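# Sequence first, then the predicted structure:
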Amino acid sequence: MELRTHLLQRLGQRTHDVVIVGGGINGAAAAAALAARGARVALLDRGDFGGGVSQQSSNLIWGGIKYLESYEFTLVRKLCLSRNRLLASYPSRVREIRFLVTVDRGFRYPPLWLWLGACLYWLLGNGATRPPRLLSRRQLGREAAVLETTRSRGGLEYSDAWLPDNDARFVFDFIRAALERGCSAVNYVESLGASRQGGRWLVRARDMIDGHEFSIQSTLLLNAAGPFVDAHNRLTGQRTQYRHLFSKGVHLLVDRLAPPQRILAFFADDGRLFFAIPMGLRTCIGTTDTPVEDPYTVVTAEDRRFILDNINKRLQLAKPLTEADIIAERCGVRPLAVKGRWQGTQDWLTLSRRHVLEVNPQDGHISIFGGKLTDCLNIGAEIGVCASRLGIGLPAAGGRWYGEPDPTLEADYLRQAGSLLSASTAVPSVGEPLSERWWRRYGEGAFELLQAVRQDSRALEVVIAGTDYRRCELEYAGRREMVVKLEDFLRRRTALAQQFRHEELKNHPGVVEACRILFGPQAQEKWAEYFRT
C-alpha cells in the first residue's frame with residue numbers, strides 16, 4: 001500500500017502529458033508505450049488493473065481464424081503478425097499451443113475446407129507456427145482419447161498461442177513496465193469526468209478506498225475504459241462517430257478434462273466455435289456469444305446448460321458434467337466497435353473485433369473502441385503516434401516498451417536460481433521448475449525473490465497448501481504489485497480464485513496467513529471483505 005499511497009499523491013501534484021482512464025489491456029499497453037517514450041503518464045482505474053473485460057478472456061492470443069469466414073483477411077493478417085510479435089517478445093509468457101478441431105457430420109463445411117482455411121491462416125501468419133494437419137476420425141481419437149468421435153467426419157490440428165498464466169496477470173505486466181518508466185498508475189481511483197480549462201484537461205477523480213476527491217491536470221486525455229468508453233465520453237462532453245455494442249461471453253472452469261498442452265475445439269450445436277482450454281489444474285470450457293444491452297453481465301442458468309450440454313456431447317466422460325462440477329465461472333462482455341446507429345440487419349456473429357482509435361485533435365482527446373489481448377502491441381504503437389501528432393513532444397521512436405528482459409539477464413538469473421533453489425530442502429515445485437515460473441511471472445523481480453531466499457530460508461515456504469506460491473512471492477506482491485483487496489491477489493495477480501472453489505478458499509488456513517502477509521493489521525478486514533461478497 002505504500003507504493004499506491006506514493007503514486008496517489010503524485011497524481012495531483014504534477015501536470016501530466018497524458019491521463020489514461022482505464023487499466024485494462026488497452027490502457028495498460030498505451031501507458032507502457034507512452035512512458036517508454038518519455039511521456040509523463042497518469043493511469044487510473046475505478047477498480048483493479050485488468051479487473052473488467054481483461055480478466056474474463058479465454059487466455060488465447062490468437063489471430064482470429066474464425067474471421068476468415070467473414071472475409072476479414074486484413075484484420076486476420078494484422079492479428080496474426082501481432083501474435084507472432086508477442087510469441088517472439090514474451091517467450092515464457094506467451095506460448096504456441098495446438099488446437100485439435102473436431103468437425104461433426106452435417107456441419108456447414110467439410111474438414112478439407114477447414115484445413116484449407118487453416119493453411120491460409122498459417123500463411124497469413126507468415127508460417128511462424130507449426131503447419132496445420134488434416135486428420136481422419138480415427139486419427140482424432142488417437143490424438144485425444146477423450147473425444148467423442150462417433151458423429152465426427154474428421155478434423156484438423158493447427159497452432160495459435162495462449163497465456164500459461166492468467167490474462168489479468170499479462171495486463172499487469174504492462175502496468176509494471178509503465179511504472180518502471182515513471183508512470184503514475186493507481187488502481188481504485190474513479191474518474192468523475194473531465195473538462196477543458198486553459199488549454200488543458202482537468203480530470204476530477206475520487207479515491208474509491210477512502211472517498212477523497214482531487215483533480216489531475218494533463219495535456220491529453222485517453223479514454224481506454226473498455227465497455228465504459230461511451231459512458232465516460234458523455235462525462236467529458238465528447239461526441240464520437242463510433243460506439244460500442246456488447247456481446248456476452250461465458251466460460252466455466254471444471255476439473256481437467258484434456259491434455260494440459262492442447263486445446264480441444266468444436267463447433268457447438270448452433271455452429272459457433274467452442275473450446276476446452278487448459279488453465280492450470282482446470283479446464284475452461286465455453287464460450288457463448290450473446291448480444292446484451294448492458295456491460296454488467298452475469299452467468300445465467302441458460303448459459304450453463306448450453307455449455308454443459310455441448311461439452312457432454314463432444315467428450316467421452318465417465319459421467320456427464322453437471323452444475324455441481326463447476327469450480328468457477330468467467331463472464332464478461334466483448335465491446336464491439338460500430339459506426340453510427342446499429343440497424344441490426346447484419347449477422348451479429350460477423351461483427352468485427354477490430355479496434356478503432358477516434359481522435360478529437362481540437363480537444364486533445366482519444367477514445368479506444370474495441371480491441372483484444374492479441375492486438376495490444378498495435379494499440380500501444382498507434383497511441384504513441386497519435387500523442388505525437390497531438391502535440392506531446394515525444395521522440396520519433398522511443399525505447400522498446402514491451403517484451404521480456406534481455407536473454408543474458410535470464411541466463412544469469414537461471415544460473416543463480418539453479419544453484420540456490422536446487423540446494424533448498426523446501427517443498428518441491430508443482431508442475432514446472434520454480435525458477436522458470438518465477439521468471440515468467442516476475443521478470444527481473446525474480447532476482448529479488450532469490451535475495452529473499454538467501455536471507456531467510458522460510459521464504460520458500462508454501463503458504464497456501466495445494467498451490468506453488470511461496471512466502472517470498474506474497475511478500476513481493478505486497479510490496480510491488482499494488483494489492484489493495486484480497487480479490488486482487490486471488491483473481492488477478494494469481495488465478496487461485498479460478499482454480500479453487502470459493503468455499504475451499506474460505507476454509508483454507510493458508511489464505512488467512514496470506515492475508516496477514518499482504519495486509520498486516522488489516523488482514524481480518526480484507527479477508528471478511530472478500531468472503532462476505
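All right, it came through fine.

# going forward, measure contacts between C-alpha atoms and count neighbours the same way
Noted.

# Next, the buried residues of stretch 222-242.
Neighbour counts over stretch 222-242 (16 or more other C-alpha atoms under 10 Å) mark 222-230, 232-233, 236, 242 as buried.

# What of stretch 258-273?
Going by 16+ other C-alpha under 10 Å, stretch 258-273 has these buried residues: 258-259, 262-268, 273.

# chain center to that stretch, what's the gap?
Remark: stretch 258-273 is offset 20 Å from the chain centroid, using C-alpha atoms, centre = their mean, to the nearest Å.

# So what touches that stretch?
For stretch 258-273, the surrounding residues in contact (C-alpha atoms under 8 Å, 6 or more residues apart in numbering) are 66, 97-104, 107, 144, 146, 274-280, 283, 287, 310, 314.

# Could you tell me which of those are located in strands?
97-104, 274-279, 283 (DSSP state E).

# ok, residue 517 - how many residues close by?
Neighbour count of residue 517, defined by other C-alpha atoms under 10 Å: 20.

# Check which helix or strand it maps to.
Applying DSSP states H and E as the criterion places residue 517 in helix 509-519.

# ok, residue 326 - how many residues close by?
Counted with other C-alpha under 10 Å, residues neighbouring residue 326 total 16.

# contacting residues around it?
By C-alpha under 8 Å, 6+ apart, the residues touching residue 326 are 252-254.

# quick one: the strands in the stretch 301-450 of the chain?
328-339, 356-360, 365-369 (DSSP state E, counting those that start in this stretch).

# Which of those comes out lowest on mean pLDDT?
Of all the strands of the stretch 301-450 of the chain, mean pLDDT reaches its minimum on strand 328-339 (a mean of 94).

# That strand packs against which elements?
Applying 3 or more C-alpha pairs under 8 Å, 6 or more residues apart in numbering; DSSP states H and E, we find strand 328-339 packed against strand 242-255, strand 365-369, helix 496-499.

# Quick one: closest of the ones you listed to residue 417.
The stretch from these with the least distance to residue 417 (C-alpha to C-alpha) is helix 496-499; that distance is 24.8 Å.

# Quick one: name whatever helix or strand follows that closest one.
helix 502-506.

# Show the average pLDDT along that following helix.
pLDDT averaged over helix 502-506 gives 96.

# Please spell out which residues along that helix are buried.
For helix 502-506, a neighbour-count test (16+ other C-alpha under 10 Å) marks 505-506 as buried.

# Contacts for it, please.
By C-alpha under 8 Å, 6+ apart, helix 502-506 touches 497, 511, 531.

# how many neighbours does the last one have?
When you say that, I think you mean residue 531. Residue 531 has 13 neighbours, counted by other C-alpha under 10 Å.

# Quick check: closest non-adjacent residue to it.
The shortest distance from residue 531 to any non-neighbouring residue, by C-alpha to C-alpha, 6 or more residues apart in numbering, is to residue 506 (6.6 Å).

# what's the spacing between that neighbour and residue 27?
Remark: distance between residue 506 and residue 27 (C-alpha to C-alpha, to the nearest Å) = 33 Å.

# so what's the spatially most central residue of the chain up against?
A centroid search over the chain (C-alpha atoms, centre = their mean) returns residue 167, at 2.6 Å, as the residue closest to the centre. Listed by C-alpha under 8 Å, 6+ apart, the contact set of residue 167 reads 50, 54-57, 59, 492.

# ditto for residue 51
By C-alpha under 8 Å, 6+ apart, the contact set of residue 51 is 23-24, 168, 492.

# Could you give the backbone dihedrals for it?
Main-chain torsions, residue 51, degrees, to the nearest 10: phi -90, psi 0.

# Let me know the pLDDT of it.
For residue 51, pLDDT reads 96.

# ok so, going back, from the buried residues of stretch 222-242, pick the one nearest residue 319.
Using C-alpha to C-alpha, residue 227 comes nearest to residue 319 of those, at 38.7 Å.

# per-residue confidence for the closest one?
Note on residue 227: pLDDT of 96.

# for the one 3 residues further on, same thing?
Residue 230 carries a pLDDT value of 97.

# list the contacts for it?
243-244.

# Which strand or helix spans it?
Here residue 230, judged by DSSP H and E, is contained in helix 229-236.

# Using CSV, write out every CA atom in that helix.
Extracted C-alpha coordinates of helix 229-236, given in CSV (Å, rounded to 0.1, in the frame of the first residue of the first chain):
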residue,chain,number,x,y,z
VAL,A,229,-15.9,4.3,-23.1
ASP,A,230,-19.2,5.7,-24.2
ALA,A,231,-20.3,6.5,-20.7
HIS,A,232,-17.0,8.3,-19.9
ASN,A,233,-17.3,10.3,-23.2
ARG,A,234,-20.6,11.5,-22.0
LEU,A,235,-19.0,12.7,-18.8
THR,A,236,-16.4,14.7,-20.8
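
# now the angle between strand 242-255 and that helix, please.
Using axes from the mean of the first three to the mean of the last three C-alpha atoms, to 10 degrees, the inter-axis angle of helix 229-236 relative to strand 242-255 is 140 degrees.

# returning to what we had before: and the ones in strands among the contacts of stretch 258-273, which two are the farthest apart?
104 and 279 (25.6 Å).

# From residue 496, how far off is the residue nearest to residue 531?
Taking C-alpha to C-alpha, one finds residue 506 at 12 Å from residue 496.

# and the protein, what are its domains?
Partitioning the chain according to automatic domain parsing yields domains covering residues 2-51+167-241+351-389, 55-164+245-345, 407-531.

# and the ones you listed, which is most packed in?
Highest mean neighbour count among these (mean count of other C-alpha atoms under 10 Å): domain 2-51+167-241+351-389, with a mean of 21.

# how far out from the middle of the chain is that one?
17 Å.

# Show me where the stretch 301-450 of the chain dips below the pLDDT cut-off.
The stretch 301-450 of the chain contains residues with pLDDT under 70 at 343-350, 395-399, 423-431.

# Residue 240: which element?
Using DSSP H and E, no helix or strand contains residue 240.

# ok, now which ones touch it?
Contacts of residue 240 by C-alpha under 8 Å, 6+ apart are residue 358.

# got the domains of the chain as JSON lines, with distance to residue 400 columns?
Conversion of the domains of the chain to JSON lines gives the following (distance: least, C-alpha to C-alpha, whole Å):
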{"stretch": "domain 2-51+167-241+351-389", "distance to residue 400": "7"}
{"stretch": "domain 55-164+245-345", "distance to residue 400": "10"}
{"stretch": "domain 407-531", "distance to residue 400": "15"}
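
# residues in contact with residue 277?
Shown in contact with residue 277 (C-alpha under 8 Å, 6+ apart): 58, 262-264, 283-285.

# redo that, cut-off 6 Å
Counting by C-alpha atoms under 6 Å, 6 or more residues apart in numbering, residue 277 makes contact with 263, 283-284.

# Would you mind reformatting the residues you listed (as JSON lines) and adding columns for pLDDT while you're at it?
Formatted as JSON lines, the contacts of residue 277 follow (pLDDT from 0 to 100):
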{"residue": "263", "pLDDT": "96"}
{"residue": "283", "pLDDT": "96"}
{"residue": "284", "pLDDT": "97"}
